[in-house]
Structures are given as structure tokens and as C-alpha cells.
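Student: next input, structure requested:
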Amino acid sequence: MAVKPDSAGVRFPPPLIYLGALLFGLAAERFVALRSFGIDWRLLFATGALLFVAGAAMMLAAAGLFRRLGTNAPPSRPTTKSATTGPYRWTRNPMYLAMAVIYAGLAIGFDGPVAFALLPMVLIVIQTQVIAREERYLETKFGEEYRSYKARVRRRF
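Tutor: Here you go, the predicted structure:
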């Protein structure tokens, strides 16, 4: 992924971090003893579907806001406006939270305890390699406006 000079400097697309870990976890289950949550598949499917839909709705709301603002969503591209409305009123990172909820939904729906167990590691990578870079970039670019937003809205992630 080409990183623009005026960007957060994130070099690997965050959706691929989530997807890569999910696929790795699902594949790894062939080689470990814990291959199932041990819960009826209908409950797993329903829970997974509910989480997937909730995450997708949050993602669509956040991406739609970026589109309406006319700013870029990928952290490798320049941010032209700071998003503080819509889902950004409750969390500073609704897209990453949405991806985590979608990931959890898929791991549960596919009865993947190993994949589910990898989610905390994915969240650490997203926090240290993506969110931390984005927040430094946004503070530099938007200054006091962004610091004030950070003081009002928690990360919730």
C-alpha cells in the first residue's frame, strides 16, 4: 500500500490485519485440540450473525460519514476533515470497533475458538500500529480541535 506523505503513515490496510488473523485462526483449528466452542450451532450462528450485522451497520455509518465529509477513510491517505459526528460522537474509532465486532461475529458464527482467541492480539496490533499513528497524525494536523475531541470522546476499543 502506497503511503502518502500527508497521512498517518499506516503501511498495511487494517481490514487485512483483521482478515489475515481471522483466516489464520480458522485454519489453525485443524491443528489444535480446541476446535469448537461446544455450543449448539444455531446459537453460534445467531450470535455471529447478530454481531456481524451490528458491526456492518457501524462500519457503513462511519464510512458514509467520511464520504459525506469528503475525506479519506484509508489511513494511508490524507485526512481533510475531522469526523466528530455520527458514530464518532461515542467512539473515536468506530471503523476499527466495527471490524472487531465483525471479526468476533465471524469467529463465533464459524465456531472458531482459536480465531476468537486471536482477537485481543489483533486489537493490540491495531492499537499500536494503526490507532497510535493516526492519533499522532490527527493531533499534528488538527491541533487543539483534535485534542479537545479526544478529551470529550473515549476510544472505546
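
Student: who are the packing partners of the host helix or strand of Leu19?
Tutor: Assessed by DSSP states H and E, Leu19 sits inside helix 14-28. Here helix 14-28 touches helix 94-109, helix 113-126, going by 3 or more C-beta pairs under 8 Å, 6 or more residues apart in numbering; DSSP states H and E. For glycine as for every other residue, the C-beta is placed from the backbone atoms N, C-alpha and C.

Student: which secondary structure elements does the helix or strand following the shortest one contact?
Tutor: Looking back up the chat, that one is helix 113-126. Counting by DSSP H and E, the next helix or strand C-terminal to helix 113-126 is helix 132-142. Applying 3+ C-beta pairs under 8 Å, 6+ apart, one finds that helix 132-142 makes contact with helix 144-152.

Student: cutoff 6 Å now
Tutor: The contact analysis (3 or more C-beta pairs under 6 Å, 6 or more residues apart in numbering; DSSP states H and E) places helix 132-142 against no helix or strand.

Student: quick one: it to helix 144-152, angle?
Tutor: 130 degrees (axes from the mean of the first three to the mean of the last three C-alpha atoms, to 10 degrees).

Student: got the confidence number for Leu34?
Tutor: Leu34 is assigned a predicted lDDT (pLDDT) of 77.

Student: likewise the one 3 residues further on?
Tutor: For Phe37, the pLDDT comes out at 92.

Student: quick check: the gap between the residue nearest to it when sequence neighbours are not counted and Tyr103.
Tutor: Sequence neighbours aside, Pro113 is the residue nearest to Phe37 in space, at 5.3 Å (criterion: C-beta to C-beta, 6 or more residues apart in numbering). Distance, Pro113 to Tyr103, by C-beta to C-beta, to the nearest Å: 13 Å.
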